[in-house]
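**Student:** Provided below for reference: sequence and predicted model.
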Amino acid sequence: MSHQPFTGARRLAALIGAAALLATAGAQAADVAKGKEKADQVCAACHGKDGNTPIDPSYPRLAGQHRDYLRQAMLDYQSDARKNPIMAAQAKQLSRADIENLAAFYARLPGTLSHQR
Ligand code: HEC
């Protein structure tokens with residue numbers, strides 16, 4: 001039975017499943033406690049301790065934001081792909097591990113971004 005019409009789709013589904021597993025493995029590698037430590041020391045000054053009470057309304061809320069988005073934002077500030085003098089200065093102090101930990105920490109905080117519809 002090599003001509004089942006869904007074989008390709010099944011194979012694709014298996015691949016997607018494997019990719020999701022890999023993504024989950026990455027998620028476990030981040031250290032949320034370390035992310036919180038760094039966030040309290042550095043980021044809370046502007047973004048608020050809960051990631052939800054920025055000191056200025058023009059400063060974004062981070063709590064509950066997608067982890068991939070947070071990670072990418074920090075990487076983009078580091079590389080100047082996203083230009084902002086305040087955050088570039090912040091991001092350039094961060095190691096790759098810091099970024100993973102911070103993204104995992106903020107993504108887990110209850111946010112107003114995803115729950116108010
Ligand atoms: C001195 C104030 C200040 C500090 C400290 C600070 N930030 Fe920011 N952050 C900002 C401002 C202002 C922006 C908006 C910049 C822009 O418009 O791109 C921002 C944007 C961001 C964004 C993008 C959010 C979005 O919705 O696009 C992320 C992620 C972020 N900060 C993470 C952090 C992390 C993690 C730390 C701690 C290591 C930190 N910030 C420390 C002021 C600060």
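**Tutor:** Done, it's in.
**Student:** make it CA atoms for all contacts and neighbour counts henceforth
**Tutor:** Fine.
**Student:** least trustworthy helix or strand in this protein by mean pLDDT?
**Tutor:** Here the helix or strand of the chain ranked lowest by mean pLDDT, DSSP states H and E is helix 7-29, holding a mean of 61.
**Student:** what sits up against the helix or strand following that one?
**Tutor:** Using DSSP states H and E, the helix or strand that follows helix 7-29 in sequence is helix 32-38. For helix 32-38, the surrounding residues in contact (CA atoms under 8 Å, 6 or more residues apart in numbering) are Asp98, Glu100, Asn101, Leu102, Ala103, Ala104, Phe105.
**Student:** can you pull the contacts of the fourth one?
**Tutor:** By CA under 8 Å, 6+ apart, Leu102 lies in contact with Val32, Lys34, Gly35, Lys36, Lys38, Ala39.
**Student:** of these, which is the most crowded?
**Tutor:** Compared across these, Ala39 has the highest neighbour count, 23 neighbours, by other CA atoms under 10 Å.
**Student:** give the contact list for that residue.
**Tutor:** Ala39 touches Lys49, Leu102, counting by CA under 8 Å, 6+ apart.
**Student:** with Ala107 instead?
**Tutor:** Here Ala107 is in contact with Leu62, Ala63, Gly64, Gln65, His66, Arg67, Leu70 (CA under 8 Å, 6+ apart).
**Student:** can you rerun that using 6 Å?
**Tutor:** Applying CA atoms under 6 Å, 6 or more residues apart in numbering, we find Ala107 in contact with Ala63, Gly64, Gln65, His66, Arg67.
**Student:** the last one touches Phe105, doesn't it?
**Tutor:** No - proximity of Arg67 to Phe105 does not meet the contact threshold set by CA atoms under 6 Å, at 8.6 Å.
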